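> show me the folded form of this:
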Amino acid sequence: MKKLFRLCAGLILVFFLGFFLAGGRDVLRKETVSRVADWAADSVLPNARHDAPRHSDIPDGLTRVKRLLFLRDAVAERISEKKVVPTKDLPDALLQAIVAVEDARFYSHPGFDVEGIVRAALVNLQKGEIEEGASTITQQLIKNLFLSQERSFARKVEELALAVDLELRFSKSEILSLYLNSIYFGSGYYGVYDASRGYFNKEPKDLTLPEAAMLAGLPNAPSVYSPYEDFLLAKKRQFIVLDAMVRAGMISEQLAEEAKSAPLYLAH
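From the prediction side, this is the model:
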């Protein structure tokens, strides 16, 4: 009970911090002005109401607050036109591969990975530049669905708040499914269904370990690692994924070596 209370308190704190850093004060001010304008239009100029600021015209801040409060609806709206393949219809090899290479502690963190953040900070300090990130699968999903590539403290706070909120409202299985169905796999393929059909002419459920490992390696740099762009680079990336799966205890070294040497047949 205490853990749940602390989690909720932390979420509320992050929410309000993100709200004000993202321009919440300006939004509240605009909303107040809007309500006064609406009242004045109704009282003095009945036809002037159509020119007053509308709810949908209020930028950023209020939209962000609504998104945080009604996150399930916001997610559903974003993926409504996508073909979503549930995790039960995806091979274990693909689920394991994407977790191993993208977010090894996916099933244990609350949306952000403290250990990963510390590790990345130390590496970046040592190198003197940004060489390693610490975004979790949950954070990457949030960025893919809602956020721009802007690098600012306010945007990062919003990302963390939405990531924690997403973890509270969705199961890990749902988050993983949403991630795989929304990310870019290169060569014009968005989502695991299109990528599976486009690269291997297969349904996702029929992917083998070598094929799943290659697909799991693409989101890191899809335009670079696409096998249609550079097969050798895609193959090297596949090796990295298989090695990550071995380190995570998901597959044996022998199985990884067999997958590395197995032939791959691309759709074209």
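
> what is the burial count for the closest residue to residue 79 other than its chain neighbours?
Excluding its sequence neighbours, the residue lying closest to residue 79 (Cβ to Cβ, 6 or more residues apart in numbering) is residue 182, at 6.2 Å. All C-beta atoms are positioned from the backbone trio N, CA, C, and that covers glycine. The number of residues packed around residue 182, counting by other Cβ atoms under 10 Å, is 19.

> make sure residue 182 is actually in contact with residue 143.
No: in this structure, residue 182 is not within contact of residue 143 by Cβ atoms under 8 Å, at 10.4 Å.

> contacts for stretch 181-189 next, please.
Contact with stretch 181-189 is made by 78-79, 82-85, 140-141, 144-145, 190-195, 198-199, 215, 218-219, 222-223, 225-226, 228-229, as judged by Cβ atoms under 8 Å, 6 or more residues apart in numbering.

> that stretch: which residues count as buried?
Within stretch 181-189, the residues scored as buried using 16 or more other Cβ atoms under 10 Å are 181-187, 189.

> mind checking the end-to-end distance for it?
10 Å (Cα to Cα, to the nearest Å).

> avg pLDDT for that stretch?
Taken as a whole, stretch 181-189 has a mean pLDDT of 95.

> repeat for stretch 240-247
98.

> then stretch 142-156?
For stretch 142-156, the mean per-residue pLDDT is 81.

> contacts for the helix or strand containing residue 215 next, please.
Assessed by DSSP states H and E, residue 215 sits inside helix 209-217. Here helix 209-217 makes contact (Cβ under 8 Å, 6+ apart) with 91, 93-94, 97-98, 100-102, 185, 192, 195-196, 199-200, 202, 207, 225, 227, 234-235, 237-238, 240-242, 245, 251, 255, 259-260, 262, 264.

> switch to 7 Å and redo it
With Cβ atoms under 7 Å, 6 or more residues apart in numbering as the test, helix 209-217 has contacts from 91, 93-94, 97-98, 101, 185, 195-196, 199-200, 225, 227, 234, 237-238, 240-242, 259, 262, 264.

> now that helix: average pLDDT?
Here helix 209-217 scores 98 as its mean pLDDT.

> next secondary structure after it?
Once helix 209-217 ends, the next helix or strand along the chain (criterion: DSSP H and E) is helix 222-225.

> which strands and helices sit next to that following helix?
Packing contacts for helix 222-225, counted by 3 or more Cβ pairs under 7 Å, 6 or more residues apart in numbering; DSSP states H and E, involve helix 231-247.

> and the angle from the helix it packs on to helix 209-217?
100 degrees (axes from the mean of the first three to the mean of the last three Cα atoms, to 10 degrees).

> counting contacts, what elements does helix 231-247 pack onto?
Here helix 231-247 touches helix 92-102, helix 209-217, helix 222-225, helix 253-261, going by 3+ Cβ pairs under 7 Å, 6+ apart.

> what's the closest of the ones you listed to residue 73?
Closest approach to residue 73 among the helices and strands packed on helix 231-247 (Cβ to Cβ): helix 92-102, 26.1 Å.

> buried residues, that closest one. List them.
Of all the residues in helix 92-102, those buried under the rule 16+ other Cβ under 10 Å are 93-102.
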